[in-house]
Structure formats: structure tokens, C-alpha cells
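A.B. asks: Turn this into a structure:
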Amino acid sequence: MVLRQASITALEAFYAQGNLDHLIDQVDTLRLPGISSYISLPKIIVCGNQSSGKSSVLEAICGVSIPVRSNLCTQFPTEFVLRKAAKSGVTMSIVPHRSRSAIEKEALSGFHEELEELEDFESVKIMTHLIEKAKVAMGIYTHGKAFSNDLLRVEVSGPDRPHLTMADLPGLIHSETKPQSVDDVQLIQDVVESYMKEPRSIILAVVSAKDDLSNQIVLQLAREIDPLGTRTVGVISKPDTLVRGSESEAQFVSLARNQEINFNLGWHVLKNMELKKGASRLDIRNEEFEFLSKGAWADLPQSQVGIYPLRTHLIRLLLEQIIAELPSLMEEVKTKMDDCQRQLDVFGQPRAIPNEQRSHLVHISHAFQGIVRAVQTLNEKFAKNISERGHYRHISGSQNDTKSSGSEAQIVVTRQEYIRHIKLRLPLIRGRELPGTFNPMIVNDLFQEQSQLWLRLAENHIVDVWKATNTFVSAVLCAVSDRATSNALLQEVVTPALDNHLQAMKQKLTEIHEQHQNGHPITYDHQFTETLLKDRRDRLKAVFSKGLEDFIVEKNNYRRSYTNPRGVGTVLDKILESTEVDLANVTATEALDYTMVYYQVALKRFIDRVAIDVVETTLIQRLTNVLSSVVIDHMSDALVARIAGESRENRDLRNQLLKELETLRDGFDTCQRFVDSSKQAVCKPRGWPIPYGNWLTDVNGSHTEPGPPKPKMSIHSFK
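C.D. replies: Numbering: from 1, shown residues only. Below you'll find the predicted structure:
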């Protein structure tokens with residue numbers, strides 16, 4: 001990408017404008033707790049086997065006195081954030097791991113220690129004491145834990161400090177020991193791998209010359225996680241433990257030349273030195289230079305030996321990593337900004353007094369008014385269900401039959417069986433009707449029997465609608481208000497109102513059902529007579545067709561036409577032979593036709609009334625009154641406070657979100673200014689100084705701090 005290709009030019013241009021420090025400060029600010037957990041930020045992670053000399057390497061790079069004892073290894077991730085500032089000082093805090101409970105997070109976040117910069121030897125004692133306090137806070141001693149995945153954050157500021165962020169991780173262990181269980185071994189590996197897998201991290205793999213390469217777990221992990229070696233720097237520590245001229249020394253020299261394991265970012269060699277009382281850092285570095293300028297190590301390029309080239313190399317790598325990752329980093333920051341804003345929108349404005357609380361409820365009620373059509377699909381499902389399963393006797397083999405058997409509550413019969421059933425019922429309600437006719441009340445009896453399943457299906461439907469509405473209302477409240485407010489609204493206002501609506505729907509349904517069951521069938525729907533006449537015509541047509549067909553086949557089995565005007569009477573006689581002669585059968589058939597047609601007309605009317613009078617009118621249309629502005633106005637101040645009052649937890653969370661949002665916006669704006677500047681960057685002469693205090697070299701190798709002389713080097717030496 002263009003930004004990566006032009007990073008050197010952009011970096012120089014941005015530094016020339018005096019903005020580089022501000023850019024790095026803003027990226028460091030994004031490491032605040034609550035932000036760094038979601039955004040992977042560029043940093044250097046120091047990893048290696050236990051007792052590989054990681055902490056000594058870290059101390060040499062950062063210039064910070066770190067307690068190093070043979071019996072004290074890193075037992076938790078430690079992040080060192082070095083910042084350039086007018087005043088020197090050290091601040092220590094704990095960033096709880098995301099797996100901690102809310103109570104544990106609050107307790108750990110309260111850990112805060114500060115100290116002024118002291119003499120190197122004295123500061124070691126104080127740092128040791130503070131680290132021990134941090135261990136106790138993490139429960140490493142009190143809970144029998146050997147390691148913790150909480151993060152100890154150490155911010156070191158001073159006028160001569162570089163802008164550098166490094167993480168020291170627990171040393172990798174091959175197998176469990178007495179103080180370190182199997183779970184501890186796995187926990188350490190999981191923590192180290194999680195840091196190494198962060199795509200914006202630069203891996204500083206520390207390899208001890210005191211141990212065989214095959215035993216260095218960090219090399220295996222580095223090749224698995226970063227197979228191309230594009231973001232891994234190798235460091236060989238403790239070279240003074242090797243026998244001069246030995247095969248082991250030759251192997252590690254070959255490793256330093258990138259001949260054994262290739263890392264694109266190269267290898268460096270450091271001699272671990274313990275800080276002794278009365279000794280200065282300059283004395284230590286002189287001793288290191290003296291050792292590495294002799295023997296096999298003297299043949300290595302000066303850019304690969306000693307702390308000065310490594311420190312400068314890492315600073316530049318981190319800066320270029322920050323610049324190269326800016327586009328994707330800005331996308332993540334923007335996403336986090338949007339998430340913060342969404343959470344703040346849910347919390348709404350601060351509401352400490354009744355007027356603010358009432359206004360908050362009115363705001364929620366506006367969003368509530370949009371809930372009016374959530375159950376349309378359920379109504380359609382009910383119409384289909386009652387049409388298929390609402391009739392008690394299902395006539396199989398009919399023209400509209402779509403199933404071989406009915407529901408458990410239905411009886412499946414043929415048309416002839418149904419007619420025989422009606423013939424048995426007709427004598428029971430005989431009145432003064434003439435033979436061949438039927439009492440109209442038989443239609444009422446048959447309809448009541450056929451529609452006896454309606455009430456149960458309709459009751460199930462309105463309960464389903466009520467549950468769906470309840471769920472939908474709860475989801476809307478949770479979306480437009482915080483959890484405490486939505487829970488209070490549901491408990492105090494919404495749930496009681498919806499319970500009342502359910503009872504009203506049941507009462508309305510009973511009323512409608514009774515109107516269909518009591519009295520005698522009534523309809524003025526013209527479809528009733530039209531359908532009845534159509535069914536009669538269809539049945540007569542079938543009779544005539546069958547009689548005519550039988551006559552033609554009887555006269556001529558091979559010829560499908562017949563012409564003989566004088567034989568019309570014979571044809572009619574044949575047709576009449578196919579007609580029903582049993583008056584009871586005729587009467588029962590007529591009663592069944594009337595019942596089936598009226599059933600369909602009544603069913604449509606029942607479905608509409610359930611959907612309109614029960615669901616729509618009794619529930620949906622009244623939802624807007626559950627939390628209307630009128631309801632809110634009539635609430636007492638005590639009830640409003642109980643519902644919309646803000647808890648201390650919510651106030652604290654809002655303030656935290658506001659702080660995060662401000663930090664994210666400042667960081668995003670600074671990154672955006674850098675991107676804009678990079679587009680206008682003009683190439684400048686090579687050899688610009690890195691502005692990290694007078695104790696580091698510039699990229700040409702010039703030292704302001706007294707120390708071993710270094711050859712002239714260009715920026716290309718460290719790429």
C-alpha cells in the first residue's frame with residue numbers, strides 16, 4: 001500500500017512538523033484499560049524460555065531497572081510504556097484480564113503506585129517491593145497461583161525517555177515442576193501465544209546461548225505464528241556462557257547471521273549484565289562492547305551487536321509498524337467510537353432530577369410507538385391453521401382434500417359416511433317439515449359440531465400473539481434504554497398492562513365464539529347462495545354426465561357419438577336411473593351441503609373477527625397507550641425515579657464511555673492528520689535524527705551520551 005511504501009518520507013515529514021511525538025502519544029493513550037482490550041495496538045513483545053535473560057534484555061532496551069533474581073521469574077505479563085515528558089517518574093497499575101469478575105476487575109483496577117526516579121540501584125529495591133504488592137493484588141500468593149494473566153502496566157516518563165512500548169511475558173516452560181503445575185505451564189503458553197498472534201505486534205524472541213536451539217520453545221512458536229518472519233526480531237543472550245571456538249559458539253554465530261533460522265527483521269547479540277552497586281549503565285555497556293568486539297562475535301556487523309543498534313532498530317521498527325498499521329487501526333478506532341456512541345445513546349442524557357427522568361421516559365415512549373405490526377405473520381398462520389384443522393369431521397377424498405388424515409382432534413370420514421351420520425341425526429330433530437325436506441336447525445347442530453375446535457385454536461393463537469408481543473416489546477425497550485430502565489419499565493408498567501390486555505383478549509374471544517355457537521345460523525353473504533347453487537349444478541352435471549356416458553357406452557363401445565332424435569326419451573330414462581331415489585339420502589345430502597357452505601362463510605367471518613376485534617383492536621392498537629406521554633405525566637415522581645433513576649454504576653459507566661470516546665476521537669484525529677500529512681510528504685535528506693533523548697544514538701550512529709565509539713551507519717543498516 002502507498003502508506004507503507006512512503007512510510008520513511010511520511011515519518012520524516014511528520015517529524016519535521018513537530019507532530020511525531022503527538023502521534024505516538026495518542027497511540028499510547030489508546031492503550032487505556034477498556035480500549036486496548038478491543039483494539040490491537042503496535043508494540044514490542046519480549047518472549048522466550050524461562051531464565052533466557054528476557055528481563056535483562058528488556059532492562060537494557062528500556063533503561064528501566066527491573067528486578068532480576070535467579071529465583072524470581074516473570075509471573076504475569078508486564079507492559080512498559082516509555083514516554084517523553086518534562087518530569088521523571090514511574091506509575092504502576094494493573095489491567096485486569098477480561099476473564100475476571102466485575103468485583104475482581106474493580107479491585108484490581110484500584111491498584112495504583114507511583115515513585116519518583118531514583119538512583120538505579122535504589123530503584124531496583126523499590127520496584128521489587130511494588131512488584132511483590134502487585135502479585136499479592138493478583139492473588140499469586142494468596143490463592144496459590146503461580147502465574148496470572150492480568151497485566152501489570154508500568155509507565156516510565158522522563159525528558160530522555162524514548163517513545164517505546166514493550167511487553168515482558170512469562171517465560172515458557174517445558175514441563176511442570178514442584179511450584180509450577182501443568183495448568184501453569186499451559187496458562188503461560190496460552191498467554192504468550194495470544195500476544196504473539198496479535199498482528200500488529202513485533203516479536204522479540206530472546207534465545208539463550210546457554211541452552212540448545214532445540215530446547216528453545218519460542219523459536220517453534222515464532223515459526224508457527226510468523227512463518228515468514230516478517231515481524232520477528234531474534235536476540236541471542238548470554239553469549240559469554242559459550243566456550244570460545246566451540247561448535248556451540250559457531251552455531252550461535254551462524255544463527256546471528258540468519259543462516260540457521262531466518263527472520264526478516266534480523267538477529268542481534270547482547271551480553272546480559274547485572275547492575276551492581278556503584279556501577280553505571282555506561283560501565284555495563286562498555287563491558288558489553290569489550291566482549292563483543294573480540295573473538296567470533298567481532299566478525300558480525302556492528303549493527304547486530306550491543307544494545308545501541310538494537311534499541312534504535314526497535315524504535316524505528318515500532319514507528320514504522322505504527323505508520324503501516326494506521327489505516328486498519330483507524331478503522332478499528334472508528335468502529336469502537338461508533339460502539340461507544342451507541343452505548344451512550346442507550347443511556348441517554350444524565351437524569352438526576354425528576355424532570356430529566358421524565359424526559360428520558362418520553363424519549364423511550366416515542367420509540368415505543370412504532371410497535372403496531374409485529375403479529376401480522378401470526379395472524380396469517382392462524383388463518384391457515386384453523387382452515388386446515390378447525391373442522392371436527394374431515395371429509396377425505398374431497399376436491400379440496402390436501403391430507404390423508406386429520407389432526408388428533410379431528411375425525412376423518414368419507415362423504416357417504418358423513419351423510420349416514422346426518423341421516424341418523426335427522427329423526428332426532430324432526431318437526432313439521434314435509435317428507436323430503438329437513439328442519440333448518442339440523443344445520444345449526446351440524447355447524448356447532450363441526451366448529452367445536454375453533455375456540456381452542458383461537459385461544460392458542462392469542463396466547464402466541466401475546467407472547468410474541470411481550471418479547472418484541474422487551475427487545476424494543478432494551479434497544480432504546482439501558483438495562484436498569486428497561487427492567488423497571490417492564491416490571492412497573494409494561495408487564496402489568498400486557499397481562500390486562502391478555503385477559504381482555506380472552507374475554508373478547510369468548511364473546512365472539514358465543515355469537516357463532518348460540519342461536520341459529522344467520523348470513524346475508526351472497527357467496528352463501530352462489531356457492532350452494534354452484535355445488536348443486538356441479539352435482540347435477542356429474543349425474544347427467546355419468547348417465548349419458550353409460551348410455552353411449554351401452555349402445556356402442558367403440559363409437560363415442562350418438563345421433564337419434566327419436567331416442568331422447570331413452571337417453572333421459574338412462575340418466576334418471578343414475579339419480580338418487582332414497583329421500584332420506586337426498587335430505588341428508590342437502591343438509592350437508594348447507595352445513596359445509598355455511599361453515600366456510602362463518603369460518604372466514606370468525607378469522608376476521610379474531611384478527612381485527614381480538615388481536616388488532618384489543619391488543620395492538622392499545623400498545624401505544626401502554627407508555628404514552630399521558631401515562632408518563634400521570635406517574636408520581638417516586639415511580640418515575642424508580643423507573644428512570646440512574647444508578648451509580650450507570651453514571652460511572654457513562655463517564656467511562658465519554659472518556660473513552662474522547663480518547664478515541666483525539667487518537668483518530670491525530671492519525672488522520674498524519675495520513676493527510678503523508679500524502680503531502682516531500683523527500684528529505686536521509687539521516688534525520690530520532691527524537692528520543694540524549695541517551696540514544698541518531699540513525700547515523702552519533703552519540704550524545706559517552707560510550708563506546710560506533711561506526712557511521714545509515715538508516716538502511718537497520719531495515
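
A.B. asks: Which other helices and strands does the longest helix belonging to the chain contact?
C.D. replies: Longest helix in the chain by number of residues (criterion: DSSP state H): helix 648-679. Under the contact definition 3 or more CB pairs under 8 Å, 6 or more residues apart in numbering; DSSP states H and E, helix 648-679 sits against helix 7-16, helix 20-29, helix 326-347. Where C-beta positions appear, they are placed from N, C-alpha and C, glycine not excepted.

A.B. asks: Partner strands of the helix or strand where Leu152 lies, with direction?
C.D. replies: Following DSSP states H and E, one finds Leu152 within strand 151-158. Next to strand 151-158 in the sheet, as set by DSSP bridges, lie strand 78-84 (parallel), strand 89-95 (antiparallel).

A.B. asks: Just the CA atoms of the last one, as PDB, please.
C.D. replies: Included here for strand 89-95 are C-alpha records, laid out as PDB according to Å, rounded to 0.1, in the frame of the first residue of the first chain:
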ATOM      1  CA  GLY A  89       8.600   9.300  37.300                       C
ATOM      2  CA  VAL A  90       7.200   5.800  37.300                       C
ATOM      3  CA  THR A  91       3.500   4.800  37.600                       C
ATOM      4  CA  MET A  92       2.300   1.200  38.100                       C
ATOM      5  CA  SER A  93      -1.200  -0.100  37.600                       C
ATOM      6  CA  ILE A  94      -3.000  -3.400  36.900                       C
ATOM      7  CA  VAL A  95      -5.200  -4.000  33.900                       C
END
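
A.B. asks: picking up where we left off before, Gln302 is nearest to which of the strands paired with strand 151-158?
C.D. replies: strand 78-84 (24.7 Å; CB to CB).

A.B. asks: Averaged pLDDT, that closest one. What do you get?
C.D. replies: For strand 78-84, mean pLDDT rounds to 82.

A.B. asks: next one: stretch 495-504
C.D. replies: On average, stretch 495-504 scores 90.

A.B. asks: Just the buried residues of that stretch, please?
C.D. replies: By 16 or more other CB atoms under 10 Å, the buried positions in stretch 495-504 come out as 497-498, 501-502.

A.B. asks: Neighbours of Val412, how many?
C.D. replies: For Val412, the tally of surrounding residues (other CB atoms under 10 Å) stands at 16.

A.B. asks: Test my guess that it contacts His391.
C.D. replies: No. Applying CB atoms under 8 Å as the test, Val412 and His391 come out as separate, 10.8 Å apart.

A.B. asks: From Ala137, how far out is Arg100?
C.D. replies: Using CB to CB, to the nearest Å, Arg100 is found at 12 Å from Ala137.

A.B. asks: right, I mislabeled it, should have said Gln515
C.D. replies: Distance from Gln515 to Ala137, by CB to CB: 73 Å.

A.B. asks: all helices in the stretch 401-550 of the chain, in order from the N-terminus.
C.D. replies: 415-425, 441-450, 454-480, 483-489, 495-517, 526-555 (DSSP state H, counting those that start in this stretch).

A.B. asks: Now do the first one: which elements does it pack against?
C.D. replies: The criterion is 3+ CB pairs under 8 Å, 6+ apart, and the helices and strands that helix 415-425 contacts are strand 393-395, helix 441-450, helix 583-609.

A.B. asks: Any chance of those in JSON lines with mean pLDDT as columns?
C.D. replies: Formatted as JSON lines, the helices and strands packed on helix 415-425 follow (pLDDT from 0 to 100):
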{"stretch": "strand 393-395", "mean pLDDT": "86"}
{"stretch": "helix 441-450", "mean pLDDT": "86"}
{"stretch": "helix 583-609", "mean pLDDT": "86"}
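
A.B. asks: Any idea which of the ones you listed gets closest to Thr312?
C.D. replies: helix 583-609 (81.6 Å).

A.B. asks: Would you mind getting the angle between the closest one and helix 415-425?
C.D. replies: 100 degrees (axes from the mean of the first three to the mean of the last three CA atoms, to 10 degrees).

A.B. asks: Can you give me the buried ones in the next helix or strand after helix 583-609?
C.D. replies: Counting by DSSP H and E, the next helix or strand C-terminal to helix 583-609 is helix 621-623. Neighbour-count burial for helix 621-623, counted by 16+ other CB under 10 Å, picks out Leu623.

A.B. asks: which helices and strands sit right next to helix 621-623?
C.D. replies: Partner elements for helix 621-623 (3+ CB pairs under 8 Å, 6+ apart): none found.

A.B. asks: before we move on, the earlier item: so for Arg425, which of the helices and strands packed on helix 415-425 sits nearest?
C.D. replies: The nearest among these, by CB to CB, is helix 441-450 at 6.5 Å.

A.B. asks: which outside residues touch that closest one?
C.D. replies: Helix 441-450 is contacted from outside by 391-393, 422, 425-426, 429, 431, 517, 519-521, 591-592, 594-595, 598-599, 602, using CB atoms under 8 Å, 6 or more residues apart in numbering.

A.B. asks: pull the CA atoms of stretch 197-206 into PDB?
C.D. replies: The C-alpha coordinates for stretch 197-206 follow below in PDB (Å, rounded to 0.1, in the frame of the first residue of the first chain):
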ATOM      1  CA  LYS A 197      -0.700 -13.700  17.500                       C
ATOM      2  CA  GLU A 198      -1.600 -10.000  17.700                       C
ATOM      3  CA  PRO A 199      -0.900  -9.000  14.000                       C
ATOM      4  CA  ARG A 200       0.400  -5.500  15.000                       C
ATOM      5  CA  SER A 201       3.000  -6.800  17.500                       C
ATOM      6  CA  ILE A 202       6.700  -7.100  16.800                       C
ATOM      7  CA  ILE A 203       8.000 -10.300  18.300                       C
ATOM      8  CA  LEU A 204      11.300 -10.000  20.200                       C
ATOM      9  CA  ALA A 205      12.400 -13.700  20.500                       C
ATOM     10  CA  VAL A 206      15.100 -14.000  23.100                       C
END
